[in-house]
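Trainee: The sequence isn't on hand, but the structure is:
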């Protein structure tokens, strides 16, 4: 009896185990449609006999607009658009446009997507609009949605505040002090707005983006003491500045200057004040610079990077021919780790007698500060230079003559400019496809001798008024100079 009981108990246990297995199988089968449903959203509906959404004979709707989401990749090179699945849809028609100028949208893509997401290359500071439309399914007699769902998104960093048109910007910030968030903060000017800046605007140690509208630039008229200061990262974008009324005396003849009171906690080796966040001047038209466009404030700042992109800068250095356009010599050790000027035009109303770029001679590039910077660079790419540093060397190469400094000069036009050859005499160099032109014979010593340089009259339309449209077919074919003038 005991044996029978034990045997019976074993059979009972086995029976119970079989029941548990059966229940697991049933549960797994119950999950299977959901798994197929999710897979269908990821890969698109197969519309075969193995799966049906259960939706048929229906006029479909497009995905809910509040369900459309956007997300940046970690490296901010792409972004992903996602939308909710619509049961019964075979696919989605997706129209993605850039709407920086809403009246003239630019189509990025218009395609059928067999899924619920799309990854796209991301452009900086760009406004996007996506239209997603559910497409019907012939097999189940489902009709296309009548309308697309719309959603908008921007790659711009969020705006902290918009300064009203008509304001004096320095006065506005005095009345609305910056509240540090610990992150990059954007302050906007209104599209087509007009502003004044009659006293120094000091962004101090805050990480600021100061910007206008990409399509309709606001205009800032700088008063006698108008200038911008910083001792941290700063981006100035999509704003036009008129500096003709600025007093050329002292620092006030400069457009952007580093603060004369650096953050002492950043001092390294008792010599340098490194600024690890970059400075960017992008898509700005700046006229009437009497002294320096960027000045180190007389302190030994080493800026991690200065990037000037897509700008037109009018110089008037006859008022003060001693100060370089990019001036980091005062103080004895200032320089820029990575300087890049691209797709820009610099022209002087007179034949300038100052350096275009000058670092302190004993700076020897930022690589003296090897704990922070292992290499350094100067890049001039696709620019137009006219009357710049005419009676001077284009740059003081001794401040850059270092085996760890790379000089890259490519696809530029130099007319009536200082001796670029000195840069060519620097350590590591990459010179290519630069055009030089002087009406006076014998000035060829100003050019580099890399073998790809050439003499060519660009045939500028009206350089004295700032119109540098090129008529030379050779320069147009070689794609030399600021691209805006090669149209």
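Mentor: Yep, that arrived. Source: prediction; values computed, not measured. Numbers count the residues shown, from 1 in each chain.
Trainee: where do the helices sit along the chain?
Mentor: 2-43, 169-175, 421-424, 473-478 (DSSP state H).
Trainee: and those helices, which one is worst for confidence?
Mentor: Across the helices of the chain, helix 2-43 has the smallest mean pLDDT, namely a mean of 40.
Trainee: so residue 302 bridges to which residues?
Mentor: residue 274, residue 335 (DSSP bridges).
Trainee: ok, residue 372 - contacts?
Mentor: The neighbourhood of residue 372, defined by C-beta atoms under 8 Å, 6 or more residues apart in numbering, consists of 268, 274, 276, 302, 366. From N, CA and C alone the C-beta is placed, and that goes for glycine too.
Trainee: Starting from residue 406, give me the distance back to it.
Mentor: Using C-beta to C-beta, to the nearest Å, residue 372 is found at 17 Å from residue 406.
Trainee: cool, residue 143 as well?
Mentor: Residue 143 sits 61 Å away from residue 406, going by C-beta to C-beta.
Trainee: Who has more neighbours out of these two?
Mentor: residue 406 (19 against 15; other C-beta atoms under 10 Å).
Trainee: State the pLDDT value of the residue nearest to the more buried one when sequence neighbours are not counted.
Mentor: Using C-beta to C-beta, 6 or more residues apart in numbering and skipping the chain neighbours, the partner closest in space to residue 406 is residue 428 (4.3 Å). pLDDT for residue 428: 82.
Trainee: Cross-check the contact I'm expecting between residue 428 and residue 378.
Mentor: No - with contact defined as C-beta atoms under 8 Å, residue 428 does not count as touching residue 378 (10.3 Å).
Trainee: Find residues that contact each of these two.
Mentor: Shared contacts of residue 428 and residue 378 (C-beta under 8 Å, 6+ apart): 405, 406, 407.
Trainee: Switch the residues you listed over to JSON lines, and while doing so, append pLDDT and distance to residue 465 to every line.
Mentor: JSON lines is the format used below for these (pLDDT from 0 to 100; distance: C-beta to C-beta, whole Å):
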{"residue": "405", "pLDDT": "83", "distance to residue 465": "37"}
{"residue": "406", "pLDDT": "87", "distance to residue 465": "36"}
{"residue": "407", "pLDDT": "89", "distance to residue 465": "32"}
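Trainee: which residues does residue 148 contact?
Mentor: Contacts for residue 148 (C-beta under 8 Å, 6+ apart) come out as 62, 93, 95, 131, 132, 133.
Trainee: out of the residues you listed, who has the most neighbours?
Mentor: That'd be residue 132 among the contacts of residue 148, by other C-beta under 10 Å, with 28 neighbours.
Trainee: Residue 68 is in contact with that residue, correct?
Mentor: Yes - if you go by C-beta under 8 Å, residue 132 and residue 68 touch, sitting 6.5 Å apart.
Trainee: Need the residues touching each of those two.
Mentor: Taking C-beta under 8 Å, 6+ apart as the contact rule, residue 132 and residue 68 both touch 83, 149, 151.
Trainee: what's the closest of those to residue 473?
Mentor: Among these, residue 151 lies closest to residue 473 (C-beta to C-beta), at 45.8 Å.
Trainee: beta partners of the closest one?
Mentor: Beta-bridge pairing for residue 151 (DSSP bridges): residue 130.
Trainee: same thing with residue 221?
Mentor: In this entry, residue 221 is beta-bridged to residue 196, residue 242, by DSSP bridges.
Trainee: count of neighbours near it?
Mentor: 18.
Trainee: Wait, it touches residue 197, no?
Mentor: Yes - with contacts counted by C-beta under 8 Å, residue 221 reaches residue 197, the gap being 7.4 Å.
Trainee: per-residue confidence for residue 291?
Mentor: We have a pLDDT of 85 for residue 291.
Trainee: which residue sits closest to it in space, ignoring its chain neighbours?
Mentor: In space, residue 291 is closest to residue 253, 3.2 Å off (C-beta to C-beta, 6+ apart).
Trainee: quick one: the one you found and residue 323 touch, right?
Mentor: Yes - judged on C-beta under 8 Å, residue 253 makes contact with residue 323 at a distance of 7.2 Å.
Trainee: Quick check: neighbours shared by those two?
Mentor: Residues within reach of residue 253 and of residue 323 at once, by C-beta under 8 Å, 6+ apart, are 291, 292.
Trainee: Which of residue 428 and residue 378 has more residues huddled nearby?
Mentor: For residue 428 versus residue 378, the count of surrounding residues by other C-beta under 10 Å is larger for residue 378: 24 against 15.
Trainee: which residues touch the more buried one?
Mentor: Neighbour list for residue 378: 339, 340, 357, 395, 400, 405, 406, 407, 408, 423 [criterion: C-beta under 8 Å, 6+ apart].
Trainee: who does it bridge with?
Mentor: Beta-bridge partners of residue 378, as defined by DSSP bridges: residue 339, residue 407.
Trainee: Against residue 339, how distant is it?
Mentor: As judged by C-beta to C-beta, residue 378 and residue 339 stand 5 Å apart.
Trainee: Show me where the stretch 101-250 of the chain has its strands.
Mentor: Secondary structure of the stretch 101-250 of the chain by DSSP state E, counting those that start in this stretch: the strands cover 106-113, 117-121, 127-135, 149-154, 159-163, 185-189, 194-197, 201-202, 208-211, 219-222, 228-230, 234-237, 240-242.
Trainee: Kindly present these as CSV, with separate columns for mean pLDDT and distance to residue 75.
Mentor: Formatted as CSV, the strands of the stretch 101-250 of the chain follow (pLDDT from 0 to 100; distance: least, C-beta to C-beta, whole Å):
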stretch, mean pLDDT, distance to residue 75
strand 106-113, 97, 19
strand 117-121, 97, 12
strand 127-135, 98, 18
strand 149-154, 98, 18
strand 159-163, 98, 23
strand 185-189, 98, 20
strand 194-197, 98, 35
strand 201-202, 96, 32
strand 208-211, 98, 19
strand 219-222, 98, 33
strand 228-230, 96, 26
strand 234-237, 98, 19
strand 240-242, 98, 32
